[in-house]
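Q: Predicted model follows, preceded by the sequence.
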Amino acid sequence: MNGSGTELLLLGSGRRVAVEGYGDPGGEPVFFFHGWPSSRWQGALAHEAAAEAGVRLLAVDRPGLGDSDHHPERRLLDWPPLLAEVADRLGCETFRVLGVSGGGPYALVSAWALPERVLAAAVCCGAPPLAERNDVAALMPIYRWLLASYRRRPGVMRRALRLIRPLATVRPPPWAWRLAMKVIPREDAAILAHAGTMERAWLGYSESWKGDRDGVFSDARIYGEPWGFRPEEIRVPVRLWHGKADRNFQWSLAEELAARIPTCTARFLDDEGHYSIAVRHCGPILRDLLAA
């Protein structure tokens, strides 16, 4: 799906990490952090925009997802050392980071922990801190249920995800797609109605289940736990983009997060949803990141 070929990097931990390149192979390096549940193949949605912007987009499978080895009980703070080692292997002394949806916290922790290497960070439709949050009305219903399930009985949630794993990669029939388009926000439905966009989004999602049987659970668990750092401590430039029609994470959550980051410039766009902003505005997001 437009990638330059997967690199399986063997790290000092003995675990392998899969990286896919998109965009301009000779361009400015930007590490891409996918959503949940997704994988490095989600980066294909940004391939053309990255090529036009002169960006070498490096999409990384998180541990346990896609072709990256599982790291049980990992924390968000385990990500920056992994990223630094991956960047070393790929010859990137300094770089920028872009996190989409569930990749947002990974972009921010990278900016916080690696200020000497991360030149700037961008977060698009990003997941907010949830561990200490009691009021979850601004989350979509399925996210509320997942968070409540994890808080009450994480073992049950783990087993449930194991059970649905064999079915998660079965492509829904056309009638199911049509039904889904009727219930999601119109802004997102208009984008996902394009066959090419849906195909790339589906590949990213389905490949996430290819990894360890608990990979999707381990990735989800991160969002229900404290991040381990304070956004107020970030010192590198941050660009935050969020649609005001986002129903996954309402824009008020992004507004709260942006206010906590002293180096943040936030852009809230009318008539853009959770998926539409990342696809329609990928070019401007990347160019803005390069200019930060």
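A: Great, that's in hand. Numbers count the residues shown, from 1 in each chain.

Q: Flag every buried residue along stretch 75-92.
A: Residues of stretch 75-92 classed as buried: 76, 78, 79, 80, 82, 83, 84, 86, 87, 90, 92 (neighbour count, 16 or more other Cβ atoms under 10 Å). All C-beta spots, glycine's among them, are computed from the backbone N, C-alpha and C.

Q: Take those residues and lay them out in JSON lines including distance to residue 236, secondary structure and pLDDT.
A: Putting the buried residues of stretch 75-92 into JSON lines (distance: Cβ to Cβ, whole Å; DSSP: H, G, I helix; E, B strand; the rest coil; pLDDT from 0 to 100) gives the following:
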{"residue": "76", "distance to residue 236": "17", "secondary structure": "helix", "pLDDT": "98"}
{"residue": "78", "distance to residue 236": "20", "secondary structure": "helix", "pLDDT": "98"}
{"residue": "79", "distance to residue 236": "16", "secondary structure": "helix", "pLDDT": "98"}
{"residue": "80", "distance to residue 236": "12", "secondary structure": "helix", "pLDDT": "98"}
{"residue": "82", "distance to residue 236": "19", "secondary structure": "helix", "pLDDT": "98"}
{"residue": "83", "distance to residue 236": "14", "secondary structure": "helix", "pLDDT": "98"}
{"residue": "84", "distance to residue 236": "14", "secondary structure": "helix", "pLDDT": "98"}
{"residue": "86", "distance to residue 236": "18", "secondary structure": "helix", "pLDDT": "98"}
{"residue": "87", "distance to residue 236": "15", "secondary structure": "helix", "pLDDT": "98"}
{"residue": "90", "distance to residue 236": "20", "secondary structure": "coil", "pLDDT": "98"}
{"residue": "92", "distance to residue 236": "15", "secondary structure": "coil", "pLDDT": "98"}
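
Q: Nearest to residue 233 among these?
A: residue 80 (13.2 Å; Cβ to Cβ).

Q: Going by distance to residue 284, which of the buried residues of stretch 75-92 wins?
A: residue 92 (23.3 Å).

Q: Any figure for the gap between the residue located most distally from the centre of the chain and residue 257?
A: Distance from the C-alpha centroid of the chain peaks at residue 175, with 28.1 Å (Cα atoms, centre = their mean). Separation of residue 175 from residue 257 (Cβ to Cβ, to the nearest Å): 38 Å.

Q: if we can go back for a sec, which phi and psi does the residue farthest from the centre of the chain have?
A: Backbone torsions of residue 175, given as degrees, to the nearest 10, read phi -60, psi -30.

Q: go on, residue 9?
A: Per degrees, to the nearest 10, the backbone of residue 9 is at phi -100, psi 130.

Q: and the buried residues of stretch 75-92 as CSV, adding distance to residue 276?
A: Formatted as CSV, the buried residues of stretch 75-92 follow (distance: Cβ to Cβ, whole Å):
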residue, distance to residue 276
76, 27
78, 32
79, 27
80, 30
82, 31
83, 28
84, 33
86, 30
87, 30
90, 31
92, 30
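
Q: Closest one to residue 12 out of these, please.
A: Distances from residue 12 to the buried residues of stretch 75-92, taken by Cβ to Cβ, are shortest for residue 82, at 10.0 Å.

Q: list the contacts for that closest one?
A: 11, 17, 63 (Cβ atoms under 8 Å, 6 or more residues apart in numbering).

Q: And the pLDDT at the residue farthest from the centre of the chain?
A: As predicted, residue 175 sits at a pLDDT of 83.

Q: now swap in residue 1 and tell me
A: In this prediction, residue 1 has a pLDDT value of 57.

Q: now the one 3 residues further on
A: Per-residue confidence at residue 4 stands at 72 (pLDDT).

Q: I'd like to know how many residues surround it.
A: Residue 4 has 16 neighbours, counted by other Cβ atoms under 10 Å.

Q: With residue 274 instead?
A: Count around residue 274 with other Cβ under 10 Å applied: 25.
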